[in-house]
Every structure is written in C-alpha cells, then in structure tokens.
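Visitor: A predicted structure for the sequence below; I have some questions about it.
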Amino acid sequence: MTGPQRRRPPRDPEAYKRDRRQAVLRHHPDKGGDPDEMLRALEEVDRRHGVLPRMSPETTPSAEQVAALAVTVLAGAAAVGLSVATALLGRRR
C-alpha cells in the first residue's frame, strides 16, 4: 500500500476475517510464501470487502487530467448547444 488511505469497516466482518486469514495462510513467509505477495493478497481482500477504496494512488487522475476532461466536456456541450441553436434559428417557417 502506498500513502495513507482511508479505511472503512468491512461490509461483512466475518467473511472479511475469513478471507484475510486464508490470504495469510496461503502466502505467509514462515510457510514458504512471498511477503510481497502476501501484502498484495491482503490489500486485494481489503478492496474486495470495501475496507479500502478501489482506486490506487497510481491510477487516481491528476488535477491536470481532471481539468482537461472538464474543458473537453464543456467545449462539447457548447458545440452541441451552438449546433442546436443554429438548427432552430435556421428553420424556415
């Protein structure tokens, strides 16, 4: 896990405990598993049970990407509005 993330209570606490226990039993280094794989498995259990948000910091859009999307959406809406206005005003009665 990278960076601080907001944790929420699991939707089903019993299933959450069971799934985490299974992930640890499968991947624990004392049992010949890989510690990094165990951490990834635990993080996946957390995401599946709603404890962590779905998006990781690496996939979260930057402010520049959000701004570019907003400008694109507004430009598209303006173009559609202009097209509709032109069509309505260009009609002959």
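Guide: Received it, and whenever you're ready, just let me know what you need. Numbering: from 1, shown residues only.
Visitor: which sections of the protein are below the confidence cut-off?
Guide: Scanning the chain with the threshold set as pLDDT under 70 gives 1-5, 53-58, 92-93.
Visitor: Where is the longest helix in it?
Guide: helix 63-89 (DSSP state H).
Visitor: Buried residues in that one, which are they?
Guide: Across helix 63-89, burial judged by 16 or more other C-beta atoms under 10 Å covers no residue at all. Backbone N, C-alpha and C define where each C-beta goes, glycine included.
Visitor: Find the residue closest to residue 7 in space, skipping its chain neighbours.
Guide: Spatially, and ignoring its direct neighbours in sequence, residue 7 is nearest to residue 51 (5.5 Å; C-beta to C-beta, 6 or more residues apart in numbering).
Visitor: who touches the one you found in this structure?
Guide: 7-10, 16 (C-beta atoms under 8 Å, 6 or more residues apart in numbering).
Visitor: are any of those buried, and which?
Guide: With neighbours counted by 16+ other C-beta under 10 Å, those contain buried members at 10, 16.
Visitor: Make TSV from the contacts of residue 51 and add secondary structure and distance to residue 38 to it.
Guide: Shown next, in TSV, are those (DSSP: H, G, I helix; E, B strand; the rest coil; distance: C-beta to C-beta, whole Å):
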residue	secondary structure	distance to residue 38
7	coil	18
8	coil	22
9	coil	23
10	coil	19
16	helix	16
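Visitor: tell me which of the contacts of residue 51 is nearest to residue 77?
Guide: residue 8 (34.8 Å; C-beta to C-beta).
Visitor: how much space between the closest one and residue 52?
Guide: For residue 8, the distance to residue 52 equals 8 Å [C-beta to C-beta, to the nearest Å].
Visitor: right, and residue 52 touches residue 46 too?
Guide: Yes. Counting by C-beta atoms under 8 Å, residue 46 is a contact partner of residue 52 at 4.4 Å.
Visitor: what is in contact with those two at once?
Guide: Both residue 52 and residue 46 are contacted by residue 7, under the criterion C-beta under 8 Å, 6+ apart.
Visitor: Looking at the two, which is more packed in?
Guide: Counted by other C-beta atoms under 10 Å, residue 52 and residue 46 do not tie: residue 46 has more neighbours, with 21 against 18.
Visitor: Thanks a lot, catch you later.
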